[in-house]
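Enquirer: Predicted model follows, preceded by the sequence.
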Amino acid sequence: MSNFSSNDDALHSVFRRDLRTEWIARNRLHPLHDSVVSAQQGGEVRGPTGLLRKNPHVIGFIGPNGLKRIDRANGSFVAIGGKKRVPSAKDSQRPLHLVENPEGYIMVVGDMIGGRLTSHDKDILGLAHQLAAEKSKVAVVLVCFGENKETQCDLAGVDRVIHLEGNVFEGFAPEAGLSVLQQIETSYQPMHWLFPDSVHGGSDLGSRLAARLGERPATQAWQVTSEKTISRGASGSQDISRTTPRILMLMEECANAVEDTRHEALPLALEFDVSMAEGDHRLIDQGQIDVDSNAVPLAEAEFILSAGNGIHNWDQFHSAAAALRATEGASRVAVDDGFMPRSRQVGASGTWVTARVYLAVGISGAIQHMQGIGQCDKVVAINTDAGCDMVKRADLAVIADSEAILAELTRLAQQRELSKEEEESDAA
Amino acid sequence: MQPNVNVVSLVSIGRHPQSGRSRRAEQDGRAVELGLSLVGEALTVVHVGEDQDPVLRQYAGMGLPSMTVLSQGKECDALPVLTSFLKAQLPSVVLTGVRSESGESSGMLPYLLAEALGWPLVPRVAEILHIKDGQAEVLLALPRGQRRSVQVTLPFIASVDNAAQEARQTAFGPGLRATLHVETVDSVVDDAAIQWEMSAAKPRPKRLKVVKAKTAADRMKAATAKPVGGGGKIMKNETPAEKAQAIFDLLLEEKVVR
């Protein structure tokens, strides 16, 4: 069983004081005082002339809330054990919200782009908890298809999870998803069905379910209580207020995400045979088409290969971008030097990108550039300087010369392309 | 061009986002354009609603010799009328916009039609590549400029995305000369919608950025800290091949390289 909850095994980070050493350090008349203090200061250090050297930086100690204190009255009180207390997630662990033997369910069908909850999904989970709070013993259930990489479902407010995996749900398979939702409907009769009103499939699945169940949904809803719903109509120019229907498709920022509680995120049983889920035989998904990645606007590109001052072989960079099918971006330096057009600049006075994966080659990460990539999920840095800001921001940083890595990446991409072609010709 | 296929485009009255005037709806215009590119003048364009609306002439001005109007009042439901019309016509392809620009604009009409007729529905179509042997190859518009190819059996309903070919310019004179076949139909009043309260859209409140720091030191940190997502993996001493492999694995895991 996969685990969607965040880990909380931080027991070893508990801050423990050694009261006896503290006391010896305070007591200058204690026979062990000298040895304890010198041990804390990293031993006695004598200069070349034999003079005792004092380290001015070890004066003071780190207090219980992480701040440095200097006790003038008792200068010998130094950080005991030399450990700095790192505030951990354990300190601020949220209270657990328990729903035992739930009597009602609110189903949230998330978009789960790239297998993770989007901010839109989290807002909807927050709204589901607002609706659930008005009745007792209502569990918020996250329904997700395909891969689930989310590790913080418990903090996002998921009481129960229905997770369905299988090849049937990959790609464009609205009928397979719909058959699952229908099964959930018959087994649990949820109080509400909440969908994100998004282009990522939430609105499509919600509309299909509403049409199948013959219920009239509220679309583009943005203010929802258990009695009344306000939704946008007439291309966003009018507000429609009506009694809250059972199926809702919600706009972004419809409510605040859950921030104060922790939830169980237990799997909820569903009698559904994944192998029985059959897509509509009249709709055959033929997979995604290769589009010209440089024709995609930079602001909405999914995967950006971005070049900075560390690139010397520009032909190689362009061929790598073509092989990886990445959209090209650039830092300001590369644009100012004339290697890339201004329309490709990422960051302040350029484009603010929203890529899922941002591969920065030879970019050290000026703050103007970092602002531009603030919304990127995964940042990969290739740089020769291990101390630069981009490496600190990156989820994966590679300290190497860009030319060697780009050559390897191009080779890997071409290899994969070849093996895929071979597979296809074998199948045909 | 495939003149032997029966294609129907459904159109509605649009609304200009700035001036609020009625106009040719953006996506419906694209649906007509797509229909014209498939079958030319053999395309059937259908509007359900008032037959005197001048906007209908804007659709007709795209090069249509005639249009069909199923005449009913504003408060009536388009679904039963359209269902019976399509059952009588039995077209192979029905094209609509994703969402209308007036009324509820729920975007449910293609779904409800598909359910009522039992036809497959392809949402957010960018292009219909070809129709052959009772099968159509359709390109769906995915977010972030991506496309997906889907093969669908005729007859089917497709909602046309903004990524489809833009609607051609409309000509005033030919629009006026086109004939409107007005059919009076047994209309059903939409009872549920009458009970709704409609009002001009209120601006949505902006989400406030609340700093939840408890101490002054935390607030200072939140105000000055650089956005650093610490805890990334750093590879220093491996060979270039291993490093590149690690990057490539990440790209595969995130499914940006297929």
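Expert: Thanks, I have the structure now.
Enquirer: What count of nearby residues applies to the residue in the stretch 301-428 of chain A that chain B sits nearest to?
Expert: Closest contact between the stretch 301-428 of chain A and chain B, by Cβ to the nearest Cβ, is at A:Glu408 (3.3 Å). C-beta here means a position set from N, CA and C on the backbone, and glycine is covered the same way. A:Glu408 sits with 21 neighbouring residues when counted by other Cβ atoms under 10 Å in any protein chain shown.
Enquirer: Would you point out the helix or strand in chain B whose mean pLDDT is lowest?
Expert: Across the helices and strands of chain B, mean confidence by mean pLDDT, DSSP states H and E is lowest for helix B:216-224: a mean of 77.
Enquirer: immediately after that helix, which helix or strand?
Expert: strand B:233-235 (DSSP states H and E).
Enquirer: Give the buried residues for the next helix or strand after that next one.
Expert: Beyond strand B:233-235 on the C-terminal side, the first helix or strand identified by DSSP H and E is helix B:240-253. By neighbour count with 16 or more other Cβ atoms under 10 Å in any protein chain shown, helix B:240-253 contains the buried residues B:240, B:243-244, B:246-248, B:250-251.
Enquirer: what's the distance between stretch A:184-202 and the middle of its chain?
Expert: Distance of stretch A:184-202 from the chain centroid (Cα atoms, centre = their mean, to the nearest Å) equals 23 Å.
Enquirer: Buried residues, it. List them.
Expert: In terms of neighbour count (16+ other Cβ under 10 Å), stretch A:184-202 has its buried residues at A:184-185, A:188, A:190-202.
Enquirer: what does the domain assignment say about chain A?
Expert: The domain map for chain A lists A:16-82, A:96-276, A:298-418, with the assignment taken from automatic domain parsing.
Enquirer: Format these as JSON lines; extra columns: mean pLDDT.
Expert: Converted to JSON lines, those look like this (pLDDT from 0 to 100):
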{"stretch": "domain A:16-82", "mean pLDDT": "75"}
{"stretch": "domain A:96-276", "mean pLDDT": "87"}
{"stretch": "domain A:298-418", "mean pLDDT": "90"}
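Enquirer: As JSON lines, those domains with distance to B:Leu129 would be great.
Expert: What follows is those, written out as JSON lines (distance: least, Cβ to Cβ, whole Å):
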{"stretch": "domain A:16-82", "distance to B:Leu129": "62"}
{"stretch": "domain A:96-276", "distance to B:Leu129": "15"}
{"stretch": "domain A:298-418", "distance to B:Leu129": "21"}
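Enquirer: Tell me how far B:Pro80 lies from chain A.
Expert: Plainly put, B:Pro80 is 14 Å away from chain A if you go by Cβ to the nearest Cβ, to the nearest Å.
Enquirer: Can you tell me, leaving aside adjacent residues, what's nearest to that residue?
Expert: Nearest-residue entry for B:Pro80: B:Val188, 5.2 Å, with adjacent residues in sequence omitted and distances by Cβ to Cβ, 6 or more residues apart in numbering or on different chains.
Enquirer: Show me what the one you found bridges to in the sheet.
Expert: Here B:Val188 sits in beta bridges with B:Asp77, as judged by DSSP bridges.
Enquirer: Could you check the pLDDT of it?
Expert: Per-residue pLDDT puts B:Val188 at 83.
Enquirer: Please tell me I have it right and it contacts B:Ala78.
Expert: No - using Cβ atoms under 8 Å as the test, B:Val188 is too far from B:Ala78 to be in contact (9.5 Å).
Enquirer: ok, the two, which is more surrounded?
Expert: When neighbours are counted by other Cβ under 10 Å, B:Ala78 comes out ahead of the other of B:Val188 and B:Ala78, with 24 against 13.
Enquirer: wait, doesn't that one sit right on B:Leu109?
Expert: Yes - proximity of B:Ala78 to B:Leu109 meets the contact threshold set by Cβ under 8 Å, at 6.7 Å.
Enquirer: Where does A:Ile284 sit, in terms of helix or strand?
Expert: strand A:283-289.
Enquirer: Quick one: list the elements packing against that strand.
Expert: In terms of contact count using 3 or more Cβ pairs under 8 Å, 6 or more residues apart in numbering or on different chains; DSSP states H and E, strand A:283-289 is assigned the packing partners strand B:147-153.
Enquirer: Would you mind identifying the next helix or strand past the strand it packs on?
Expert: Proceeding N to C from strand B:147-153, the next assigned helix or strand is strand B:156-160, under DSSP H and E.
Enquirer: What lies in contact with that next one?
Expert: A:282, B:27-28, B:30-31, B:34, B:92-98, B:107, B:110, B:113-114, B:117, B:119-125, B:128, B:136, B:138 (Cβ atoms under 8 Å, 6 or more residues apart in numbering or on different chains).
Enquirer: Could you pick out the buried ones from those?
Expert: If you count burial by 16+ other Cβ under 10 Å, the buried members of the contacts of strand B:156-160 come out as A:282, B:27-28, B:30-31, B:34, B:92-98, B:107, B:110, B:113-114, B:117, B:119-125, B:128, B:136, B:138.
Enquirer: Narrow those residues to those in strands?
Expert: Counting by DSSP state E, the buried ones among the contacts of strand B:156-160 place B:93-97, B:121-125, B:128, B:136, B:138 in strands.
Enquirer: Max pairwise distance over those residues: which two?
Expert: For these, with distances taken as Cβ to Cβ, the pair at the greatest spread is B:Gly97 and B:Ala136 (18.6 Å).
Enquirer: can you map out the helices along chain A?
Expert: Listed in chain order, the helices found in chain A under DSSP state H are A:19-26, A:33-40, A:119-133, A:153-156, A:174-188, A:202-213, A:314-324, A:332-336, A:367-372, A:389-393, A:402-427.
Enquirer: Among these, which comes closest to A:Ala348?
Expert: Closest to A:Ala348 of those, according to Cβ to Cβ: helix A:367-372, at 3.8 Å.
Enquirer: What is the burial count for the residue nearest to A:Gly104 when sequence neighbours are not counted?
Expert: In space, and not counting its chain neighbours, A:Gly104 is closest to A:Val138: 4.3 Å by Cβ to Cβ, 6+ apart. Using other Cβ under 10 Å, the number of residues around A:Val138 comes to 22.
Enquirer: I'd say A:Val138 and A:Asn101 touch.
Expert: No - here A:Val138 does not reach A:Asn101: they are 11.5 Å apart, not a contact under Cβ under 8 Å.
Enquirer: tell me which residues in stretch A:213-223 are buried?
Expert: If you call a residue buried by 16+ other Cβ under 10 Å, then stretch A:213-223 has these buried ones: A:213, A:216-223.
Enquirer: Quick check: end-to-end length of that stretch?
Expert: The separation between the terminal residues of stretch A:213-223, taken as Cα to Cα, to the nearest Å, is 24 Å.
Enquirer: And for that stretch, what's in contact with it?
Expert: The contact list for stretch A:213-223 (Cβ under 8 Å, 6+ apart) reads A:182, A:185, A:197, A:203, A:206-207, A:210, A:224, A:229-233, A:236, A:240, A:242, A:244-251, A:253-254, B:104-108, B:192, B:204.
Enquirer: So which of these sit within strands?
Expert: Short answer: the contacts of stretch A:213-223 in strands (DSSP E) are A:224, A:229-233, A:240, A:242, A:247-250.
Enquirer: Of the residues you listed, which ones also sit close to chain B?
Expert: When the ones in strands among the contacts of stretch A:213-223 are checked against chain B using Cβ under 8 Å from any Cβ of the partner chain, the ones in range are A:232-233, A:240, A:242.
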